[in-house]
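Peer 1: following is a predicted model, sequence given first.
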Amino acid sequence: MRIAMIGGGYVGLVSGACFAEFGTEVVIVETDRDKLDALRAGSIPIYEPGLDKIVSANTEAGRLTFTEDLASAIETVDAVFIAVGTPTRRGDGHADLTYVYEAARQIARHARTGLLVVTKSTVPVGTGREVARILRSERPDLAFSVASNPEFLREGNAIGDFMRPDRVIIGIDGTARDGGAHATALMRQLYRPLYLIETPIVMTDLETAELTKYAANAFLAMKVTFINEMADLCERLGGNIHDVARGMGLDQRIGRKFLHAGPGYGGSCFPKDTRALTAIARDAGAPSRLVETTVAVNEARKAAMAERVIALCGGSVHGKTIAVLGLTFKPDTDDMREASSLPLIHRLVEEGATIRAYDPEGMNAARPLLPGAVEYALSAQDAALGADALIVLTEWNVFRALAPARLLSAMRGRVIADFRNIWEPAAMREAGFSYHSIGRP
Ligand code: UDX
């Protein structure tokens, strides 16, 4: 079996490399010349643990190749995956589908009969149907199969999530000439290694698969936002959010994951997908007030983090030096998209603070997004040098390992705002810090 993956971005590259690891021949089509050259030279443009290894192993084995030539890639494959970007469209919050539909038109131009076209990008309900319509109207002479196969990869965990997922969702277009039989057979063959480890495979129609992806992400975003509100309540009323989360999460109907309170969710998926779902629901005449509120509460929370720091610094950060540990939206990634560090640092700089930032992987991506005056440190310990206050924004393991006494001796002040609760309050106070965390006494 041979497949093409349109788009060598995060989803395309991880999925392509993992399908190759499953034994399928994969050609990744990337039109950005610099990215393509980098990939061909064996350099991975994103930071994702374990990805470089499986890319190089499968490239060497000849199962994974890269090209910019969509036409010749399509001619030799059984299935094409569309894994192009779907950014938020300006103005209305909908996902921008320009790249998806353009990919469908190009695929149609070079397709042969029997080709299976699969959307992997997160797309609004109805997109798979529209892809099918485009294919069939461009090439009425051909019989296409269409499927939707949303991904549930977490950055930093993507390889494990792909190789050992909780489930796989496959939406099949039943209106194909064969009722979807060919698509079903090909998708089963692609995911055969997962059948062997008894991964649940949920076979549905296109619309259900598309909606499932949004519903899952929105629910998780809501779960995080809920625990963040409970953390605020703990701060007002007393109570420890860790124990609340544990006590709640042990109820199997609730589950323990995604109950870690923090500075608000970010990343390439939750913010974009929750906004898209609210727009879809509004347009469908069934607005989701829960998801709309989640979006608004999370935005407000990110903005409120700067106010917390200002208050902890005695009402003003003017002329103060503030160390920021962690810039990316979460650990084990270099991704800065919608990171809570962005509004926080912009605000503190506006208020006259000097920022000394450190992130193990994210500083290159952060530079163009942050004010020019931000100083970048060589290490976490270096960032603390001369700081009046120190903020932890991302729970990288290297931060957990810092020695409090050394940190304190490097700092000028002693305020710590630990927005990821990586340290124990009692120990930090004992070490001499004025220590604040999220939702803990
Ligand atoms: C997410 C989904 O988990 C994944 O299934 C989907 O395919 C893409 O979006 P990702 O964006 O990589 O993955 O990160 P995730 O680990 O889900 O975290 C998202 C955000 O929520 C981060 O900012 C993270 O810090 C925050 N978060 C997550 C919390 O604040 N608390 C939690 O308990 C969990």
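Peer 2: Ah, there it is.
Peer 1: Leu408 touches Tyr435, doesn't it?
Peer 2: No. In this structure Leu408 lies outside contact range of Tyr435 using CB atoms under 8 Å: 10.7 Å. For glycine as for every other residue, the C-beta is placed from the backbone atoms N, C-alpha and C.
Peer 1: of those two, who's got more company?
Peer 2: Tyr435 (23 against 17; other CB atoms under 10 Å).
Peer 1: for that one, give the beta-bridge partners.
Peer 2: Taking DSSP bridges as the rule, Tyr435 bridges to Ile416.
Peer 1: any idea how far it lies from Gly7?
Peer 2: From Tyr435 over to Gly7 the distance is 45 Å, taken as CB to CB, to the nearest Å.
Peer 1: give me the buried positions along the helix or strand Leu407 falls within.
Peer 2: In this structure, Leu407 sits in helix 404-410 according to DSSP states H and E. Of all the residues in helix 404-410, those buried under the rule 16 or more other CB atoms under 10 Å are 404, 407-408, 410.
Peer 1: how about these in TSV, adding pLDDT and distance to the ligand?
Peer 2: Formatted as TSV, the entries for those read as follows, by pLDDT from 0 to 100; distance: CB to the nearest ligand atom, whole Å:
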residue	pLDDT	distance to the ligand
Pro404	93	23
Leu407	96	23
Leu408	96	27
Ala410	97	27
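Peer 1: of those residues, closest to Leu70?
Peer 2: Comparing these against Leu70 with CB to CB picks out Leu407 as the nearest, at 52.2 Å.
Peer 1: got the contact list for that closest one?
Peer 2: Each residue near Leu407 by CB atoms under 8 Å, 6 or more residues apart in numbering is listed here: 381, 384, 390.
Peer 1: give me that answer again for 10 Å
Peer 2: By CB atoms under 10 Å, 6 or more residues apart in numbering, Leu407 lies in contact with 323, 325, 380-381, 383-385, 387, 390, 399, 414, 416, 428, 431, 433.
Peer 1: kindly report the same for Ala306.
Peer 2: Contacts for Ala306 were tallied using CB under 10 Å, 6+ apart; they are 317, 340, 343-351, 353, 391.
Peer 1: which ones are touching Asp166?
Peer 2: For Asp166, the set of contacting residues under the criterion of CB under 10 Å, 6+ apart consists of 152, 199-200, 216.
Peer 1: picking up where we left off before, which ones among the contacts of Leu407 lie within helices?
Peer 2: Counted as lying in helices by DSSP state H, out of those, are 380-381, 383, 399, 428.
Peer 1: now, which of those residues lie close to the ligand?
Peer 2: Filtering the ones in helices among the contacts of Leu407 for neighbours of the ligand using CB under 6 Å from any ligand atom leaves an empty set.
Peer 1: most neighbours, which of these?
Peer 2: Among the ones in helices among the contacts of Leu407, where neighbours are counted by other CB under 10 Å, the top count belongs to Ala383, at 27 neighbours.
Peer 1: relative to the ligand, how far out is that one?
Peer 2: Ala383 sits 20 Å away from the ligand, taking CB to the nearest ligand atom, to the nearest Å as the criterion.
Peer 1: that older thread, go through the contacts of Asp166 and flag which are in helices.
Peer 2: With DSSP H as the criterion, helices contain Ala216 from among the contacts of Asp166.
Peer 1: between the contacts of Asp166, which is closest to the ligand?
Peer 2: Phe152 (3.9 Å; CB to the nearest ligand atom).
Peer 1: what about the closest one, neighbour count?
Peer 2: Taking other CB under 10 Å as the neighbour definition, Phe152 ends up with a count of 19.
Peer 1: residues contacting it?
Peer 2: Residues in contact with Phe152, defined by CB under 10 Å, 6+ apart, are 122, 158, 161-162, 165-169, 212-213, 216-217, 220, 269.
Peer 1: alongside the ligand, which residues does this structure contribute?
Peer 2: 151-155, 217, 220, 224, 258-260, 262, 265-270, 329-330.
Peer 1: try 5 Å
Peer 2: Contact residues of the chain with respect to the ligand, defined by CB under 5 Å from any ligand atom, are listed as 152, 154-155, 224, 258, 260, 262, 265-267, 269, 329-330.
Peer 1: where do the strands sit along the stretch 251-400 of the chain?
Peer 2: With DSSP state E, counting those that start in this stretch, the ranges of strands along the stretch 251-400 of the chain come out as 321-325, 354-358, 375-376, 389-392.
Peer 1: ok so, going back, could you export the helix holding Leu407 as PDB, CA atoms only?
Peer 2: Output of helix 404-410 as PDB, limited to C-alpha atoms (Å, rounded to 0.1, in the frame of the first residue of the first chain):
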ATOM      1  CA  PRO A 404      15.300  26.800  45.400                       C
ATOM      2  CA  ALA A 405      18.200  28.100  47.500                       C
ATOM      3  CA  ARG A 406      20.300  28.800  44.400                       C
ATOM      4  CA  LEU A 407      17.300  30.500  42.700                       C
ATOM      5  CA  LEU A 408      16.800  32.700  45.700                       C
ATOM      6  CA  SER A 409      20.400  33.700  46.000                       C
ATOM      7  CA  ALA A 410      20.400  34.700  42.300                       C
END
